[in-house]
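> Fold the following and give me the result.
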Amino acid sequence: MSLAHALLTSLLEQPSSGYDLARRFDKSIGHFWQATHQQIYRELGRMEKAGWILSEPDPDAGRTRKRTYWVLPSGRQELERWAAEPAPLPELRDEFMVRLRADATLGPLGLLPELRRRRELHCDKLRAYRAIEARDFVPETAPTRKRRIHHLILKAGIQYEENWIAWYDEAVQVLGES
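Residues are numbered from 1 along each chain as shown. Now for the predicted structure:
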């Protein structure tokens, strides 16, 4: 996935200034695709040069350089083209897994505190996701397809964190036996 496709998706949901887009991105897509505000602004410039988006000075900008961005038909076509491609499975690349291999090879390396710290970080993220779910996805009698998909994405994050927490519980038990 490229940042451009994430930004096209977000701009199709709502045309925005770069600043507003970056803030919205942090609160939604940013949970599973990270980008700095600088990266977002740089990518918006590339996308405009490619003819995928258009920007105009924001009428409320005053003397600032604030611009509002919209997706052009060519940007929509690019997003549709990209979405139709097969998506690769993400690969686990976690430095800590190599440390665990080192622990298995060298003997106890004192990794229990790090295991517990990492577990707590996953608990924090799970609490945040659960709070979003409670706030944004109260039971509805007839949720729209869009709302159901947004909830489905959030559920993937919830399950991801729950699985990591269960894995860390097992890892703490195994390393604690040493």
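
> would you list every one of the helices in the protein?
3-13, 18-27, 37-49, 73-84, 95-106, 112-136, 145-176 (DSSP state H).

> of those, which approaches D60 most closely?
Across the helices of the chain, D60 has its closest neighbour in helix 18-27 (11.4 Å, Cβ to Cβ). C-beta coordinates here come from the backbone N, C-alpha and C atoms, glycine included.

> which residues touch the closest one?
6-7, 10-11, 14, 16, 35, 37, 40-41, 44, 66-67, 69 (Cβ atoms under 8 Å, 6 or more residues apart in numbering).

> if you average pLDDT over it, what comes out?
The pLDDT scores in helix 18-27 average 86.

> Now do the buried residues in it.
Within helix 18-27, the residues scored as buried using 16 or more other Cβ atoms under 10 Å are 18, 20-22, 24-25.

> need the residues you listed in TSV with distance to L121, can you?
Below are the buried residues of helix 18-27 laid out as TSV (distance: Cβ to Cβ, whole Å):
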residue	distance to L121
G18	30
D20	29
L21	27
A22	24
R24	24
F25	21
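
> May I see the domains of the protein written out as residue ranges?
3-84, 95-176 (automatic domain parsing).

> Between its first and last residues, how far does the first one reach?
The one in question is domain 3-84. 17 Å (Cα to Cα, to the nearest Å).

> Please apply the same query to the last one.
In terms of Cα to Cα, the two terminal residues of domain 95-176 are separated by 20 Å.

> Please pull out the lowest mean pLDDT helix or strand from this protein.
helix 18-27 (a mean of 86; mean pLDDT, DSSP states H and E).
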